[in-house]
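Enquirer: With the input below, show me the fold.
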Amino acid sequence: MAAQRPRDILLVHNGNSPQARVACDRARGIFSAGGYTAVFIDAPSARELSATLTDTLRSRALHVAAVVAVGGDGMAHLVLQVLHEVGQQGVNVAFGLIPAGSGNDLARFCGIPTRDTERAAGRVLRGLETTPEHMDLLAVDCADGTSHVCATTVCLGLDARVNARANRWSRIRVSAKYAVALVWEILRLTSRDYTIDYTRPDGARRVVDRRATFLSVANTSSYGGGLTIVPRADHRDGRAELFAVSDARPLRILFLLPRLLLKTHENLAEIALEPVTAMTVTPHDAPSGELPAHVAHGDGEPLGPLPVQVRILPAAVRVLF
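Expert: Reported below is the predicted structural model:
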């Protein structure tokens, strides 16, 4: 007798979010109609949510068809940490996403409807019934010994400081607060010097010293709720893109922003785009009273201090997009 296919779909969400709870309820109906059982996973804190999901996967992996993050980029980031961890232990489960947050850069990049829960749930079902697809992830090792995986972008320069400031404003929509935080940081602009040691897809290694404002490594095209930095990003090509904006005056940086929104910035002299498979970024200066600490942010979440090592993990997770 053939083994029965797993029929449980874990819907992982922030139990304090009314929007996520409504999305879970609506998705449950779609999954039930498709012959699957929706199992809600929530907890009061991110730490407890990660622990609950990890324990569930370790104990019930044979019954789980998919783990679906219901929320924004932060929830996707949390779920991917757990899937990567248990995947290294031999538990491999597909990842799905139903947007129900304020920042949905991963969903938009992958063409997942951000305002139609039923259609997003339908994509999960179609993914379960078709040939498996996989996406790359970014592995990040920070100076404090912590390790992470990221789906979208790892920010290391001014963009990381914008993330940190925007995260303090919890009551404002992500795209709006990111824009305000961006202007705030640009007006207080301080470029910084970095050593960037990177490997290209052809295996060639380069080490450069660069004075930069923005400095990121991207697996997808945008961050901050839709600010496009790598228009031709491909999350399945086994490489990432180093994105850097050179030292420039605040007014010049403000001039560049509309070009980013219009996706016409790639040929500007201040912009550097370089394909990479691995890189190490080391700041030259130490934090002080005037210069904040260098802290990397990935998928909009704080990761840890620089120096950091970032490398591409090709086809790291099966996705239901």
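
Enquirer: contacts, neighbours, all on C-alpha from now
Expert: OK.

Enquirer: you'd agree Asn92 is in a strand?
Expert: No: under DSSP: H, G, I helix; E, B strand; the rest coil, Asn92 falls outside any strand and is assigned coil.

Enquirer: Quick check: phi and psi at it.
Expert: Main-chain torsions, Asn92, degrees, to the nearest 10: phi -110, psi 110.

Enquirer: Looks like it contacts Leu83 (just checking).
Expert: Yes: shown here, Asn92 and Leu83 form a contact pair, counting by Cα atoms under 8 Å, at 7.3 Å.

Enquirer: Those two: who's more crowded?
Expert: Of the pair Asn92 and Leu83, Leu83 is the one with more neighbours under other Cα atoms under 10 Å, namely 25 against 20.

Enquirer: which other residues reach the stretch of helix or strand the more buried one belongs to?
Expert: Leu83 is part of helix 73-87 when elements are defined by DSSP states H and E. Residues outside helix 73-87 that contact it (Cα atoms under 8 Å, 6 or more residues apart in numbering): 12-14, 46, 50, 53-54, 57-58, 67, 69-70, 92-93, 95, 97, 101, 103-106, 148-151, 299-301, 316-317.

Enquirer: Now, of those residues, which are buried?
Expert: Applying a neighbour-count criterion of 16 or more other Cα atoms under 10 Å, the buried members of the contacts of helix 73-87 are 12-14, 50, 53-54, 57, 67, 69-70, 92-93, 95, 97, 101, 103-106, 148-151, 299-301, 316-317.

Enquirer: what's stretch 301-317 in contact with?
Expert: Residues from elsewhere that reach stretch 301-317 (Cα under 8 Å, 6+ apart): 74, 83-84, 94-95, 134-144, 146, 148, 156, 163-164, 236-240, 277-283, 293-297.

Enquirer: for stretch 5-14, that is, sorry about that
Expert: For stretch 5-14, the surrounding residues in contact (Cα under 8 Å, 6+ apart) are 20-21, 24, 31, 35-44, 53, 62-71, 75, 79.

Enquirer: switch to 7 Å and redo it
Expert: 20, 24, 36-43, 62-71 (Cα atoms under 7 Å, 6 or more residues apart in numbering).

Enquirer: Which stretches in this structure count as helices?
Expert: Ranges of helices in the chain, per DSSP state H, are 18-33, 46-60, 73-87, 105-109, 117-129, 158-167, 174-187, 250-262.

Enquirer: So for the longest one, mean pLDDT?
Expert: Per-residue confidence for helix 18-33 averages out to 96 on the pLDDT scale.

Enquirer: Quick check: which helices or strands does it pack against?
Expert: If you count contacts as 3 or more Cα pairs under 7 Å, 6 or more residues apart in numbering; DSSP states H and E, helix 18-33 packs onto strand 37-41, helix 117-129.

Enquirer: repeat that for 10 Å
Expert: strand 8-13, strand 37-41, strand 64-71, strand 94-99, helix 117-129 (3 or more Cα pairs under 10 Å, 6 or more residues apart in numbering; DSSP states H and E).

Enquirer: roughly how far apart are the closest residue to Gly238 other than its chain neighbours and Pro201?
Expert: Excluding its sequence neighbours, the residue lying closest to Gly238 (Cα to Cα, 6 or more residues apart in numbering) is Pro314, at 4.8 Å. As defined by Cα to Cα, to the nearest Å, Pro314 lies at a distance of 12 Å from Pro201.

Enquirer: Same check on Thr264?
Expert: Taking Cα to Cα, one finds Thr264 at 25 Å from Pro201.

Enquirer: Check Pro44 too.
Expert: Separation of Pro44 from Pro201 (Cα to Cα): 42 Å.

Enquirer: out of these two, which sits in the busier spot?
Expert: Just comparing Pro44 and Pro201: by other Cα under 10 Å the higher neighbour count belongs to Pro201, 15 against 10.

Enquirer: tell me the contacts of that one?
Expert: Neighbouring residues of Pro201 by Cα atoms under 10 Å, 6 or more residues apart in numbering: 238-240, 274-278.

Enquirer: what does Cys155 give?
Expert: By Cα under 10 Å, 6+ apart, the contact list for Cys155 reads 161-163, 214-218, 223, 243, 295-303.

Enquirer: For the residue lying closest to it once chain neighbours are set aside, name its beta-bridge partners.
Expert: With Cα to Cα, 6+ apart as the measure, Ser216 is the residue that lies nearest to Cys155, at 4.4 Å, once sequence neighbours are left out. Counting by DSSP bridges, Ser216 forms beta bridges with Cys155, Phe243.

Enquirer: what about Ser216, distance to Ile196?
Expert: To Ile196, Ser216 is 11 Å away according to Cα to Cα.
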